[in-house]
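Engineer: Model the following, please.
(chains A, B and C)
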Amino acid sequence: MNFVGHHILTVDQFDRADIQRVFKVADSMIPYANRERVTRVLEGAILGNMFFEPSTRTRVSFGCAWNLLGGEVRETTGIKASALAKGESFYDTARVLSGYSDAIVMRHEMMGSVAEFAAASRVPVINGGDGANEHPSQALLDLYTIDRELKHNGKRIDQMTIALVGDLRFGRAVHSLCKLLSLYTSIKFRLISPEALALPASYIESIQAAGHEVIQTSNLQEGISKADIVYVTRTQEERFDSPEEALRYKGLFRMNQAVYTEFCQPNTVIMHPLPRDSRAEANELDNDLNDNPNLAIFRQTDNGVVIRMALFALILDVVDQVDASSRPVNWYTARRF
Amino acid sequence: MNFVGHHILTVDQFDRADIQRVFKVADSMIPYANRERVTRVLEGAILGNMFFEPSTRTRVSFGCAWNLLGGEVRETTGIKASALAKGESFYDTARVLSGYSDAIVMRHEMMGSVAEFAAASRVPVINGGDGANEHPSQALLDLYTIDRELKHNGKRIDQMTIALVGDLRFGRAVHSLCKLLSLYTSIKFRLISPEALALPASYIESIQAAGHEVIQTSNLQEGISKADIVYVTRTQEERFDSPEEALRYKGLFRMNQAVYTEFCQPNTVIMHPLPRDSRAEANELDNDLNDNPNLAIFRQTDNGVVIRMALFALILDVVDQVDASSRPVNWYTARRF
Amino acid sequence: MNFVGHHILTVDQFDRADIQRVFKVADSMIPYANRERVTRVLEGAILGNMFFEPSTRTRVSFGCAWNLLGGEVRETTGIKASALAKGESFYDTARVLSGYSDAIVMRHEMMGSVAEFAAASRVPVINGGDGANEHPSQALLDLYTIDRELKHNGKRIDQMTIALVGDLRFGRAVHSLCKLLSLYTSIKFRLISPEALALPASYIESIQAAGHEVIQTSNLQEGISKADIVYVTRTQEERFDSPEEALRYKGLFRMNQAVYTEFCQPNTVIMHPLPRDSRAEANELDNDLNDNPNLAIFRQTDNGVVIRMALFALILDVVDQVDASSRPVNWYTARRF
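Structural biologist: Residues are numbered from 1 along each chain as shown, chains lettered A, B, ... in the order given. Below is the predicted model:
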């Protein structure tokens, strides 16, 4: 795809070459995210960070990525006070807000809302999550993390084994990741979930149609035993009809150091789209893994910053100007990457 | 008036020369709002964007205008967490907050609150809306839009015919606009509303005392038939005693393309302070007008940015420095103006 | 202490030399807070302003201090939408958020939460208030104000008399201030409160162990009669079991101009951590003192900006670079300091 001036609404937009392009630009952003250098390439540009469904981490991550390119952020963090709550159409909201900024990130609980908004927007829009539908930057940062972690272990995405664990029915991060992985070759999928939270059939069919192997199981130990990547998810209780229903599935699969030691390969990478639910009744990913160097969950969120910087730089066509407007950081920093 | 260091609290502050001054400065801001050039004239200056009554669009518009001049924005978006909710006076709030910023925009639901705040503030304050009372930047952007649209059609504000439609009783945008229009000559006002939502008598008397013609009617077709400008408003349900009462007036007057074609002059300009209520029971301005080039509602919100930039530049005395600190935009942009 | 790269969690970290260091740096920040000069020393740096317990004034003060050093601010203003509300641990939240910014200010209602967060953070964290526990920047700005006000009156903190008035049980500002004052010599403390809201015994013992004089009383007039500083506090109703219980103590001690004139020394300085409760049932510090030049309450909040600038400059190690990246302000300003 041509990124310049385009919306990022769904992972369906990307082919493998696009992904490589995003990853290469993301790599070039590491010195900035890592606070070795500062760039001012977007100085004077404004991001409209429109989170009509509240969020802290994704909102701050996008805002931070924009700031790291030198731009300013205007944002909203709810829907109650918005014109949408007074009966305004997405068309109107988009026409108005796109007059204020150079790019927009939008989150809204309604599936398809961001695409409807983008159709009327006069500036590029990135989907920051539209309900159970899509959250493409999450899928890209997950894939980027898989790519980096496997390379570090001398492996590749093609031919890898990945175990997806937990609520595979409602977890949009898993859905979008499956679509992106389908672009690669001969992956072995291990889908570990209770039957009621299985990955929807359409996703399974697409994966198989792309030539990958799929095994479904409700046995955690069996599913993770040959995995290069174990991707654990939280039960998406907000998508269930009732909290009680969600509670039935919490804590069914618990990854911890003992399970890891007994059943995983050495160097099996553990991922999670976060937040992980650390309350006793859930605890799908135990804190005793925090010192395990293969726990990649915080490298995932760090990677989110460079992936989002890359998307911004690509759609605003400044990739080749980033370094030219840069200088060394002059304050105390802790290294992260 | 002398703008430098002064508050902008009410449209009563302006005479016709002041308005021309604001409009001339607003014109000079178009290249920046249109992302052709970037200026850093207010780099290092801080706006306190204090919305004690929540708002998305007005808040973001002011913040964006300040950012486009190069400054930073600190803001608040509600009253629950504020010291005002713990019994603090406007005097104290103003003394404190004016120590943090170079200018303040304030919205609060209580009439007169912003003036009370401004009296104690050590920095210039712009009224961003104080309940049913005033919202001067909205009136200025409406008038600026009327001026630009009419000029485009070879007409002038003097001698024009303007139809004001809908809730003329509670719509503060209409009230302030009427005051500003009174400064011009021989305007024909067509006030179209149900009797219960008529423009308050004091406004009508002022308009007539300034030599303008006023005709009141509850017949939409008749009222708009000779209009150069049709200014439609939403029923301000939040100002009614009950939602049920407001509902009685929703949908009484519906502008749509069929009505426009049958009853309006060619090039009649359609305006609305937004948000328009697009729900079926209201729908005062139909989406089938969206492709009508005379629908000026999004040019209104775009104009809001340059009007607010102009007010900031005037009160902070940087009008003559804006261009000197400017450079071309170096990222992808969509043209807006 | 060595400030560079360190957290600021409690006033217990500071000795008298540290305090002098902070105050000296704060002095050097006055031209910037006073809008005489602009510095860009932190241009490109990002503050994570994480207020999980909402606040307007402290949040804006920290954000403004960071902006005045040239940096950008990303923030959150509540807990409902945060991952913490979905069962995430402080450890995870800290690991994630510290990947986004160069420093973090955190407020959370739970005692000890900020220290727990800081232990996992990869960037320096400043405690912006953790429930009834600590709020070190408030204590520093109070002490800085006392120092400046007394110097202006030809006095010193050593040997002064300070009256602390009101809710001394729950007021964390008072608690932290007492700890800092203990570092000085031969102070006379007058603790004025109803018995039920007395300063906890542990604080009194520490003060006495440091060689200061403590007199407790429930008589306002007697307590303030020899004071160089009268520090009045609000009843912290949010810390009581019920609003009714808090109400019993509101309005017990009322400082006003008549009391000041009759019982205070000339030049007795009046302070308050703000907000003061100006409702009739409380009104612990009457508005008729607003024109009294010894009312230092707004100088306190102004001082908060330079104290916070100093803390940021110290922990990020840019103290010596501030002036080098500075220039005169080019817009209209009102003098504050």
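Engineer: Only the buried residues of stretch A:282-302, if you could.
Structural biologist: By 16 or more other CB atoms under 10 Å in any protein chain shown, the buried positions in stretch A:282-302 come out as A:282-286, A:289-290, A:292, A:294-302. For glycine as for every other residue, the C-beta is placed from the backbone atoms N, C-alpha and C.
Engineer: make that stretch A:200-216, sorry
Structural biologist: Buried residues in stretch A:200-216 (16+ other CB under 10 Å): A:Tyr203, A:Ile204, A:Ile207, A:Ala210, A:His212, A:Val214.
Engineer: what does chain A have sitting close to chain B?
Structural biologist: On the criterion CB under 8 Å from any CB of the partner chain, chain B has as its neighbours in chain A the residues A:4-5, A:41-46, A:48, A:72, A:74, A:76-77, A:80-83, A:86-89, A:91-93, A:95-102, A:122-124, A:315-318, A:321.
Engineer: Isn't A:Tyr231 up against A:Leu164?
Structural biologist: Yes. A contact is recorded between A:Tyr231 and A:Leu164 when judged using CB atoms under 8 Å, the distance being 5.1 Å.
Engineer: Identify the contacts common to the two.
Structural biologist: By the contact definition CB atoms under 8 Å, 6 or more residues apart in numbering or on different chains, A:Tyr231 and A:Leu164 are jointly contacted by A:Val174, A:Leu177.
Engineer: Any regions of chain A where pLDDT drops low?
Structural biologist: Flagging of chain A using pLDDT under 70 yields the residue ranges A:81-82, A:335-337.
Engineer: Domain-wise, how is it divided?
Structural biologist: Dividing chain A into domains by automatic domain parsing, as the record does, gives the ranges A:11-135+A:301-328, A:137-298.
Engineer: and the last one, does that touch chain C?
Structural biologist: Yes. Shown here: domain A:137-298 in contact with chain C (CB under 8 Å from any CB) through A:Arg234, A:Leu274, A:Pro275, A:Arg276, A:Asp277, A:Ser278, A:Arg279, A:Ala282, A:Asn287, A:Asn290, A:Ile297, A:Phe298.
Engineer: Tell me where the stretch 1-150 of chain A has strands.
Structural biologist: Using DSSP state E, counting those that start in this stretch, the strands found in the stretch 1-150 of chain A span residues A:37-39, A:46-51, A:72-76, A:103-108, A:125-130.
Engineer: Can I get these in TSV including distance to C:Ile157?
Structural biologist: Below are the strands of the stretch 1-150 of chain A laid out as TSV (distance: least, CB to CB, whole Å):
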stretch	distance to C:Ile157
strand A:37-39	40
strand A:46-51	45
strand A:72-76	42
strand A:103-108	50
strand A:125-130	51
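Engineer: which one of those lies closest to A:Asp142?
Structural biologist: With distances scored as CB to CB, the stretch of the strands of the stretch 1-150 of chain A nearest to A:Asp142 is strand A:125-130 (13.8 Å).
Engineer: Who are the packing partners of that closest one?
Structural biologist: Applying 3 or more CB pairs under 8 Å, 6 or more residues apart in numbering or on different chains; DSSP states H and E, one finds that strand A:125-130 makes contact with helix A:57-68, strand A:103-108, helix A:113-120, helix A:136-152.
Engineer: For the third one, which residues meet the burial criterion?
Structural biologist: It stands for helix A:113-120. Counting neighbours by 16+ other CB under 10 Å, one finds that the buried residues in helix A:113-120 are A:Ser113, A:Val114, A:Ala115, A:Glu116, A:Phe117, A:Ala118, A:Ala120.
Engineer: How many residues are close by the residue of the stretch 151-300 of chain A found nearest chain B?
Structural biologist: Here the stretch 151-300 of chain A gets closest to chain B at one residue, A:Glu238, 22.8 Å apart by CB to the nearest CB. Using other CB atoms under 10 Å in any protein chain shown, A:Glu238 is surrounded by 13 other residues.
Engineer: Over to the closest residue to A:Arg234 other than its chain neighbours. Which of the three states is it?
Structural biologist: Spatial nearest neighbour of A:Arg234, excluding adjacent residues (CB to CB, 6 or more residues apart in numbering or on different chains): A:Asp277 at 5.2 Å. Per DSSP: H, G, I helix; E, B strand; the rest coil, the secondary structure class of A:Asp277 is coil.
Engineer: What is the neighbour count of A:Asp277?
Structural biologist: 20.
Engineer: Was I right to think A:Phe298 contacts C:Gly99?
Structural biologist: Yes. In terms of CB under 8 Å, A:Phe298 counts as a neighbour of C:Gly99; the distance is 6.8 Å.
Engineer: where along chain A do the helices fall?
Structural biologist: Listed in chain order, the helices found in chain A under DSSP state H are A:16-33, A:57-68, A:90-97, A:113-120, A:136-152, A:172-181, A:201-209, A:220-224, A:243-247, A:257-263, A:297-315.
Engineer: Output the second one as CSV, nothing but the C-alphas.
Structural biologist: Backbone C-alpha positions of helix A:57-68 (Å, rounded to 0.1, in the frame of the first residue of the first chain) are rendered in CSV as follows:
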residue,chain,number,x,y,z
ARG,A,57,-2.1,3.0,27.9
THR,A,58,-3.0,3.0,24.2
ARG,A,59,-3.9,6.7,24.3
VAL,A,60,-0.6,7.6,26.0
SER,A,61,1.4,5.4,23.7
PHE,A,62,0.1,7.1,20.6
GLY,A,63,0.5,10.5,22.1
CYS,A,64,4.0,9.8,23.2
ALA,A,65,4.9,8.5,19.7
TRP,A,66,3.7,11.7,18.2
ASN,A,67,5.5,13.8,20.8
LEU,A,68,8.7,11.9,20.1
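Engineer: From the chain's centroid, how far away is that helix?
Structural biologist: Relative to its parent chain, helix A:57-68 has a centroid offset of 13 Å by CA atoms, centre = their mean, to the nearest Å.
Engineer: Then the fifth one?
Structural biologist: Relative to its parent chain, helix A:136-152 has a centroid offset of 9 Å by CA atoms, centre = their mean.
Engineer: what inclination does it have with respect to helix A:172-181?
Structural biologist: Relative orientation of helix A:136-152 with respect to helix A:172-181: 60 degrees, computed using axes from the mean of the first three to the mean of the last three CA atoms, to 10 degrees.
Engineer: What residues sit buried inside helix A:136-152?
Structural biologist: Under the neighbour-count rule (16+ other CB under 10 Å), helix A:136-152 has A:136-150 buried.
Engineer: Report the inter-axis angle for it versus strand A:103-108.
Structural biologist: Using the same axes, to 10 degrees: helix A:136-152 against strand A:103-108 is 100 degrees.
Engineer: Could you check the angle helix A:136-152 makes with helix A:113-120?
Structural biologist: Using the same axes, to 10 degrees, the inter-axis angle of helix A:136-152 relative to helix A:113-120 is 110 degrees.
Engineer: Right, I'll call it a day here.
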